[in-house]
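Asker: My questions concern the predicted model and sequence given below.
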2 protein chains.
Amino acid sequence: MNEQDARKHFIKYTRSSGLRVTPERLEVLDCVLAWEGHFEADSLFLHLKTHGSKVSRATVYNTLSLLHKCGIVSRYRFSEGYSQYERTAGRPHHDHMICTQCGKIIEFENRRVVRLQDVLCTAQKFKPTYHSFQIFGVCQTCRGEKD
Amino acid sequence: MNEQDARKHFIKYTRSSGLRVTPERLEVLDCVLAWEGHFEADSLFLHLKTHGSKVSRATVYNTLSLLHKCGIVSRYRFSEGYSQYERTAGRPHHDHMICTQCGKIIEFENRRVVRLQDVLCTAQKFKPTYHSFQIFGVCQTCRGEKD
DNA sequence: CTCGGTGCAAATGCTTTGCAATGTC
DNA sequence: GACATTGCAAAGCATTTGCACCGAG
């Protein structure tokens, strides 16, 4: 799903849910689609604010939740206290390694994870919707190793 | 690690960290070790309170954090807003499937998960400390299926 | 026109903290 | 005895909500 598709998908999803497509929601959507990497709700809000947008914090949270529901962003809870988001549209599925020293996030593709998930869920007669696989540890840089 | 070992380990860890072994901390520890399954900090606090303990909420949170640091309890964030804990001592490592309809938690052993983690981390030159693998979906009962 | 959306600020709910009294080491 | 810990209530923090005005459909 590219940026254009994501926009169309969002509009379609919103309308078909009996919700309204407002300029504020589109502002948030565009900001999300342009954002590389992970971000927090408040960073997005501040970015919009410092770029002249009048969108309120409440609307940012509301819209992120909507974007999450329609699959355009993923939501994570790597650390205590706050959520991190990332655009899903136009990117392959993946999971994360989080360095507990510097906070760096390494992404890894999850074909094998999905395969394992399928095996595990079949065994438990559980119908999976999505998963969250996070590996915490120390990255190469923080260990100060050459290789 | 059984219950006795856990107690010893906790006392040793606490002392060697320059912290003090207080009756309140031991009360929380004992309650945790006796608790089957997952629990929230506040449930533990209320349980202690209704059983005559004078331990405060602050101490419960403080001690759970300490128990987490020394590896006696695991801490999860399955849903928004609050943490869930479970005793680690004396139990095999495992991961979780969470039913998004009824909240039921299914545990599954994670030998394969650990193996996969090792392969992935080697590829990224990342030194894993621990992982969190959660599968969200719908359980058999909620799907209303016989098998 | 009708409702859902918006901004604002106040509220929420879990968790942490400040402080004076207490008790461990 | 020194100083970490305790209980209490108040503060913090990310997120949500109530309400009066606004505007999409």
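Answerer: Looks like it came in fine. Fair warning: this is a prediction, and the values are worked out from it, not measured in the lab.

Asker: From now on I want contacts and neighbour counts done on CA atoms only, so please keep to that.
Answerer: Fine.

Asker: quick one, longest strand in chain A?
Answerer: Under DSSP state E, the strand in chain A containing the largest number of residues is strand A:127-138.

Asker: remind me which residues of chain A are low pLDDT?
Answerer: A:1, A:145-147 (pLDDT under 70).

Asker: quick one: the longest strand of chain A to strand B:127-138, angle?
Answerer: Interaxial angle, strand A:127-138 versus strand B:127-138 (axes from the mean of the first three to the mean of the last three C-alpha atoms, to 10 degrees): 160 degrees.

Asker: Pull the distance from strand A:127-138 to the chain's centre.
Answerer: Relative to the mean C-alpha coordinate of its chain, strand A:127-138 is positioned 13 Å out (C-alpha atoms, centre = their mean, to the nearest Å).

Asker: Pull out the buried residues from that strand.
Answerer: Under the neighbour-count criterion of 16 or more other C-alpha atoms under 10 Å in any protein chain shown, strand A:127-138 has A:127-128, A:131-138 buried.

Asker: Distance to DNA strand D for these - can I get that in a markdown table?
Answerer: Listed next are these as a markdown table, based on distance: C-alpha to the nearest atom of the strand, whole Å:
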| residue | distance to DNA strand D |
| --- | --- |
| A:Lys127 | 25 |
| A:Pro128 | 23 |
| A:His131 | 19 |
| A:Ser132 | 16 |
| A:Phe133 | 19 |
| A:Gln134 | 18 |
| A:Ile135 | 20 |
| A:Phe136 | 20 |
| A:Gly137 | 23 |
| A:Val138 | 24 |
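
Asker: which strands and helices sit next to the longest strand of chain A?
Answerer: strand A:94-99, strand B:127-138 (3 or more C-alpha pairs under 8 Å, 6 or more residues apart in numbering or on different chains; DSSP states H and E).

Asker: closest to B:Lys8 out of the ones you listed?
Answerer: Across the helices and strands packed on strand A:127-138, B:Lys8 has its closest neighbour in strand B:127-138 (23.1 Å, C-alpha to C-alpha).

Asker: Need the contact partners of that closest one.
Answerer: For strand B:127-138, the external contacting residues (C-alpha atoms under 8 Å, 6 or more residues apart in numbering or on different chains) are A:117, A:126-140, B:78, B:95-101, B:118, B:121.

Asker: Give me the contact status of the very next helix or strand once past it with chain A.
Answerer: As assigned by DSSP states H and E, the chain's next helix or strand after strand B:127-138 is helix B:140-143. Yes. Remark: helix B:140-143 sits within contact range of chain A at B:Gln140, by C-alpha under 8 Å from any C-alpha of the partner chain.

Asker: What residues sit buried inside helix B:140-143?
Answerer: In helix B:140-143, counting by 16+ other C-alpha under 10 Å, buried: nothing.

Asker: Could you double-check that A:Glu107 sits in contact with A:His93?
Answerer: No. Judged on C-alpha atoms under 8 Å, A:Glu107 makes no contact with A:His93 at a distance of 9.5 Å.

Asker: Can you tell me which residues in chain A are near chain B?
Answerer: A:77, A:97, A:108, A:112-113, A:116-117, A:120, A:125-140, A:147.

Asker: Give me the distance between A:Leu67 and A:Ala6.
Answerer: A:Leu67 sits 10 Å away from A:Ala6, going by C-alpha to C-alpha, to the nearest Å.

Asker: So between these two, which is more surrounded?
Answerer: Applying other C-alpha atoms under 10 Å in any protein chain shown to A:Leu67 and A:Ala6 shows that A:Leu67 carries more neighbours, namely 24 against 21.

Asker: ok, and the closest non-adjacent residue to that one?
Answerer: In space, and not counting its chain neighbours, A:Leu67 is closest to A:Val73: 5.7 Å by C-alpha to C-alpha, 6 or more residues apart in numbering or on different chains.

Asker: How many residues are close by whatever residue of chain A ends up closest to DNA strand C?
Answerer: Closest residue of chain A to DNA strand C, C-alpha to the nearest atom of the strand: A:Val55 (2.8 Å). Neighbourhood size, A:Val55 [other C-alpha under 10 Å]: 17.
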